[in-house]
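Q: structure for this input, please:
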Amino acid sequence: RKGTVMGDHIPVLLVTANVGSIFEEPQTLLPGWIGAFLATVKKNQPSFLALHCQEVGGKNYEKTMPHVADFI
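A: Numbering: from 1, shown residues only. This next block holds a predicted model:
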């Protein structure tokens with residue numbers, strides 16, 4: 001049935017990433033990661049996007065926490 005939720009396709013993009021290493025060298029790694037992520041979103045144009053990030057802040061949390069705001 002056209003126009004119902006059951007009959008429609010909703011483009012979805014689910015992303016999960018271990019981003020701990022990004023915070024070890026944020027000036028080098030963060031721009032590339034964000035660029036690749038945004039290119040993927042642009043290419044797929046999802047109506048729904050879920051992003052799960054593991055190890056935000058990296059292994060040395062106290063030292064790298066200031067970079068989290070740039071990531072978010």
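
Q: show me what stretch 38-52 is in contact with.
A: 10, 11, 12, 13, 14, 15, 16, 17, 37 (CB atoms under 8 Å, 6 or more residues apart in numbering). For glycine as for every other residue, the C-beta is placed from the backbone atoms N, C-alpha and C.

Q: now intersect the residues you listed with the helices, please.
A: residue 37 (DSSP state H).

Q: in the protein, where is pLDDT below threshold?
A: The model of the chain has pLDDT under 70 over residues 1-7.

Q: just the element for residue 58, please.
A: Following DSSP states H and E, there is no helix or strand that holds residue 58.

Q: quick check: closest non-adjacent residue to it.
A: Once flanking residues are discounted, residue 58 sits nearest to residue 23: 3.4 Å by CB to CB, 6 or more residues apart in numbering.

Q: now swap in residue 10 and tell me
A: Leaving aside its sequence neighbours, residue 10 sits nearest to residue 47 (CB to CB, 6+ apart; 5.1 Å).

Q: ok, now residue 59?
A: In space, residue 59 is closest to residue 20, 5.9 Å off (CB to CB, 6+ apart).

Q: so what's that neighbour up against?
A: Applying CB under 8 Å, 6+ apart, we find residue 20 in contact with 54, 55, 56, 57, 58, 59.

Q: now restrict the residues you listed to buried residues only.
A: 56, 57, 58 (16 or more other CB atoms under 10 Å).

Q: sweet, I'm off.
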